[in-house]
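> Kindly return the folded structure for what I paste below:
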Amino acid sequence: QVQLVESGGGLVQAGGSLRLSCAASGRTSSNYDMGWFRQAPGKEREFVAGITWAGSTNYVNSVKGRFTISRDAAKNTVYLQMNSLKPEDTAVYYCAATVNYWGSDKRLYPYWGQGTQVTVSS
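Numbering: from 1, shown residues only. As a prediction, the model looks like this:
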């Protein structure tokens, strides 16, 4: 079992930046694959970015070139650096963990954080 806690959300103007953090605790292992998802009001939770324990990454097309996912295994923490933010990036952002998977299917991530709100004003 692993617990995930997100932080770093907030209100930012369009074009600004935020860095989200996801701290893992409990039965932690550097071999977990991690993902960031987001959910806007009235919409489905969608995949944003994923990173394997080895550091391979993938992104949804809408954030490529603007967002960067990274991890610090020593700190059991995953980050999402978000640049050039747009109003359509407004959502609650969730961190999730799984093993042997780093794709976009949220059903394959058994561990989730509580989420952090990101609001981008125009």
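> Contact partners for the closest residue to Val48 other than its chain neighbours?
Using CB to CB, 6 or more residues apart in numbering and skipping the chain neighbours, the partner closest in space to Val48 is Trp36 (4.4 Å). To be clear about C-beta, it is placed using only N, CA and C from the backbone, and glycine gets the same treatment. Trp36 sits next to 20, 22, 47-50, 69, 78, 80, 93-96 when contact means CB atoms under 8 Å, 6 or more residues apart in numbering.
> change it to 10 Å
6, 20, 22, 47-51, 59-60, 63, 67, 69, 78-80, 82, 93-96, 113 (CB atoms under 10 Å, 6 or more residues apart in numbering).
> List the buried residues for stretch 103-117?
Of the residues in stretch 103-117, those buried by neighbour count under the rule 16 or more other CB atoms under 10 Å are Ser104, Lys106, Tyr109, Tyr111, Trp112, Gly113, Gly115, Thr116.
> Good, wrapping up.
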